[in-house]
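1. here's my sequence, what's the structure:
(2 chains)
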Amino acid sequence: MRFTKKALVWAMISVFAFSMVLTGCGSNNNKTSATETKETASQPASTTEAATETASEPEQEKLAPVELNWYLPAAPQKDTKLVEKALNDYLKDKINATVHLNFVDWGSWKDKFPVLLASGSNVDIMFTAGWSQFPQSVAKGYFADITDLLPKYAPKTVENLPKVLFEGARVAGKIYAIPTSKEIAHTNGFAYSTELAKQYGLEDQLKAFQTKIPTLEDLEPILATVKAKDPNVSPLGGVYNMNFAMTFLDFDPVGDQNIPGMLYKNKDTVVVNEYETPEYKEIFKTMHKYYKAGYVRKDAAIVKDGAPDRKGKKVFLLGGTTKPLANEEVGASYGFPLEQFSITTPFITSNDTQGSMNAVVSSSKNPERALMFLELVNTDPIVNNILNYGVEGTHFVRTDVDNVIDFAPGLTGQNSGYFPNAFWEFGNQFLNHFTKGQNTKKWDLFKEYNDSGVPSKILGFNFDAEPVKTEIAAVANVRDELLPSIATGTVDPEVFLPKFNARMKQAGLDKIIAEKQKQIDAWLLTK
Amino acid sequence: MASIAKKKSNIENQISTPTNILFHMIFVLFVALCIGPLILIFMVSITSESTLTANGYSFFPKEFSFQAYEYIFSDTEQIIRSYGVSLFITIAGTLLSVFIIALYAYVISRKEFKYRNFFSFLVFFTMLFNGGLVPTFMIYSNVLGWSDTLFILIFPLLVSPMYVIIMKTFFTSSIPDSLVEAAKIDGAGEWRIFFSIILRLSTPALATIGLFNTLHYWNDWFTALLYITDEKLIPLQFLLYRVQSTLEYLIQISSLSGQGAMTMADLPGQSARMALCIVTIGPIILAFPFFQKYFVKGLTIGAIKG
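-> Numbering: from 1, shown residues only, chains lettered A, B, ... in the order given. Coordinates of the predicted model:
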């Protein structure tokens, strides 16, 4: 008996010791693998230097054939093989690369891409974005530093992209991914059904907002008219997650918009708790007034999906982000025409610039060829449109109008064998053909819009949420529980806003803000 | 079965009529509570989306529509194929895993087995510690190259330590050592003892583990998420998970922006979710009564019997 007890104790000790050794090994392994990948990443860079000379020579057939794997989040397409073939036939003469498009469906993306990266699987190019752990992936060494390679292998891409985009995509001064050229600024605003506006006789009033930016108070007469004309329509659309204060004030979110602690838009670099600012309080008060007047759905604080209301034309003003022609496109998807007006001026934050990027993975054996391919994606209309629309004749046909295409006869977006509907992932959007019925002025308007954007003072700063992860989760819980009722005006902010702030502080809000401030200050010093 | 019909022979086992009625009512109520939601799910799945947004869920919808099913079954060939994959991995996986678990559990339950402690420790250790997602993925995918095979859908779930321990406990507690000895004296070899005696006596335990494994294999979509990219090998649950996530994405981008100008107005959202439920639970509901027969025995085993 005594013996077995002793044996048991020893067994336990050895198990623990062993497990500790194992975990020790684990972290050690990670370190070595990280440095290893870094080395392998830099190695091709040096070999490529030799390769460049041959590459820049006209005799391009010297390029050995390589295979590239590109992973992107999108609904898997039936005809992907067909499209790959068309793409690779074209690429053969250009860069002699065979590209495999690996579409990972939306539900799997957030689980799958970290595993692919961490396991050093056969990936060359990976879609990434601020919302898809871009800063974290860079910190872990998954993406190759392409600062030096870029001008060699993708010179035109660098030239064409707005400077501000690269600024925003930098991490510690280095480039780890190529941003997609699309709209890079954001504005907040409202859309409304033109049909209803005509019916209520509000057209002129609303048109005026296109030139003179309204405040929330300016909207009141409109809301009152809508309420009076049709009591079944809620004048101000908004459900659970709406945050009108955010929309109207356009604070500069430091990192993720859902983590509290923001800067006043281009005023200074002091992080404030936005829910304690007088501006927010004013807006919440107005919202409460509007709620009492019946301008908002009675159950707005608990309704999570606003789409049915919008489709059923049961709301008049729809809050959200606006960009050129968004009204036409969203309107087309709802099946009725919309008009829009903005309530903020175009503003560029890191969130906007890191919205959609493609990175070369550091374990890639052919980073230089991957960049050559990305160069084509960003500059060659043929490559770009194969990726977006598939094979000409099979999936799409040209129309009489230049650069306008239509689905092949009998096909629609839903039954086509290839229509990923993810235009913003495949490099330069300005190269896209237009689909029938689309406004062909779109890219001109986008350029104008981008040029008018004002970059944030902290553009390029990436907030590392890791040190305050627990607090962020706790704060998010409090927010989800209490903010909807305050933001929709359901409850009196005089009473509930202080309670809300107290709970947020209890959950660790101050620690998050301090961390944000610390990181910004450190970042500003390096600038 | 104690029925309401009065038989003289078991009159002493009969409970009084009022109690009997009360119990029946409780059970009828309980059954209704269990089946009600299922019926509601079914009714919602065949309700038109516009009725849903206007009136909400109802047992008696105003307007019927099979649009949700049409959306899910828009690619019938793929659904049938996925059903096939799921059925195959469930049946093959369950049989194989029950067999291997039984083999493993049996050897470590025999006191004569020399390396018994080592193998018990191995099971126990892997139950407490595992390599984690990334190393596992590296081994299966990069080292062994099993991605995109049916085997990868079966292999990772083959032996689960917990079930080995349950099985071992069953063997040690329910099958007397003397039985094995007796068989040996009569001239049976190890294989014969295992197949003709041990397995025959262990049907309740085998059925229990079998049912667990069936559910596991049938419901597993995460393995497919990680390892399967070939459309031909996608099991049903993962296919439906994908349909759901794509649907959500389409609905989401329709409210943000959509360059392709697609009409989202009549995409089924809520009803499709319910239809997915109905499509996936089908076969597993049929599997349960089959196993249940053994559970009744399993529960009574060890009790005193005449």
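
2. and stretch A:102-115, what's buried?
-> By 16 or more other C-beta atoms under 10 Å in any protein chain shown, the buried positions in stretch A:102-115 come out as A:102-109, A:112-115. C-beta: built from backbone N, CA, C; applies to glycine.

3. cool, stretch A:124-131 as well?
-> Those would be A:124-130, for stretch A:124-131 by 16+ other C-beta under 10 Å.

4. show me which of the residues you listed is closest to A:Asp492.
-> Comparing the buried residues of stretch A:124-131 against A:Asp492 with C-beta to C-beta places A:Gly130 closest, at 36.0 Å.

5. so who does the closest one touch?
-> A:Gly130 makes contact with A:256, A:350-351, A:354-355, A:462, according to C-beta atoms under 8 Å, 6 or more residues apart in numbering or on different chains.

6. which single residue of chain A ends up nearest chain B?
-> Closest residue of chain A to chain B, C-beta to the nearest C-beta: A:Gly107 (2.7 Å).

7. SS state for that residue?
-> helix (DSSP: H, G, I helix; E, B strand; the rest coil).

8. need the contact list for A:Pro221.
-> By C-beta under 8 Å, 6+ apart, the residues touching A:Pro221 are A:Gln205.

9. list phi and psi for it.
-> phi -60, psi -40 (degrees, to the nearest 10).

10. need the pLDDT of the closest residue to chain A within chain B.
-> Chain A sits closest to B:Ser245 of chain B, with a gap of 2.7 Å, by C-beta to the nearest C-beta. What the model reports as pLDDT for B:Ser245 is 79.

11. test my guess that it contacts A:Asp111.
-> No. The criterion here is C-beta atoms under 8 Å, and B:Ser245 misses it with A:Asp111 at 11.0 Å.

12. will you turn the buried residues of stretch A:124-131 into a markdown table that also has pLDDT and secondary structure?
-> Listed next are the buried residues of stretch A:124-131 as a markdown table, based on pLDDT from 0 to 100; DSSP: H, G, I helix; E, B strand; the rest coil:
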| residue | pLDDT | secondary structure |
| --- | --- | --- |
| A:Asp124 | 95 | coil |
| A:Ile125 | 95 | strand |
| A:Met126 | 95 | strand |
| A:Phe127 | 94 | strand |
| A:Thr128 | 91 | strand |
| A:Ala129 | 87 | coil |
| A:Gly130 | 82 | helix |
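
13. ok, back up a step: spit out the contact partners of the closest residue to the residue of chain B closest to chain A other than its chain neighbours.
-> Leaving aside its chain neighbours, B:Ser245 sits nearest to A:Gly107 (2.7 Å; criterion: C-beta to C-beta, 6 or more residues apart in numbering or on different chains). Going by C-beta under 8 Å, 6+ apart, A:Gly107 touches B:241-242, B:244-246, B:248.

14. got a PyMOL select line for the buried ones in these?
-> Listed next is the PyMOL selection for buried residues among these, using 16+ other C-beta under 10 Å:
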select buried, chain B and resi 241+242+244+245+246
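
15. pipe the contacts of A:Gly107 into CSV and attach secondary structure per row.
-> Formatted as CSV, these follow (three-state DSSP):
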residue, secondary structure
B:Tyr241, helix
B:Arg242, helix
B:Gln244, helix
B:Ser245, helix
B:Thr246, helix
B:Glu248, helix
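
16. so what's the backbone phi/psi at A:Tyr192?
-> Dihedral angles (degrees, to the nearest 10) for A:Tyr192: phi -150, psi 160.

17. now swap in B:Phe66 and tell me
-> Residue torsions, per degrees, to the nearest 10, at B:Phe66 are phi -100, psi 20.

18. also the one 5 residues further on?
-> Dihedral pair for B:Tyr71: phi -60, psi -50, per degrees, to the nearest 10.

19. what of A:Val66?
-> According to degrees, to the nearest 10, A:Val66 has phi -130, psi 160.

20. burial of it, as a residue count?
-> 19 (other C-beta atoms under 10 Å in any protein chain shown).

21. same thing with A:Tyr176?
-> 23.

22. list the contacts for the closest residue in space to it that isn't next to it in sequence?
-> In space, A:Tyr176 comes closest to A:Phe143 once its chain neighbours are excluded; the distance is 4.3 Å by C-beta to C-beta, 6+ apart. Residues near A:Phe143 by C-beta under 8 Å, 6+ apart: A:126, A:128, A:137, A:176-177, A:359-362.

23. in helices only, show me those.
-> Among the contacts of A:Phe143, the ones falling in helices (DSSP state H) are A:Ser137.

24. now the contacts of A:Phe143 as TSV including distance to B:Ala275?
-> Below are the contacts of A:Phe143 laid out as TSV (distance: C-beta to C-beta, whole Å):
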residue	distance to B:Ala275
A:Met126	34
A:Thr128	34
A:Ser137	37
A:Tyr176	43
A:Ala177	39
A:Ala359	38
A:Val360	42
A:Val361	39
A:Ser362	43
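
25. please look at B:Gln78 and B:Glu231 and confirm they touch.
-> Yes. Shown here, B:Gln78 and B:Glu231 form a contact pair, counting by C-beta under 8 Å, at 6.9 Å.

26. mind listing the residues bridging to the residue nearest to A:Tyr389 when sequence neighbours are not counted?
-> Leaving aside its sequence neighbours, A:Tyr389 sits nearest to A:Phe396 (C-beta to C-beta, 6+ apart; 4.5 Å). Per DSSP bridges, the residues bridged to A:Phe396 are A:Glu392, A:Phe407.

27. what about A:Phe396, distance to A:Phe500?
-> Using C-beta to C-beta, to the nearest Å, A:Phe396 is found at 51 Å from A:Phe500.

28. per-residue confidence at the residue nearest to A:Tyr176?
-> 94.

29. which residues of the chain score low on pLDDT?
-> Using chain A here. For chain A, the stretches flagged by pLDDT under 70 are A:1-62, A:238-246, A:304-308, A:414.

30. not quite, go with chain B.
-> B:1-12, B:53-54, B:250-269, B:282-283, B:294-306.
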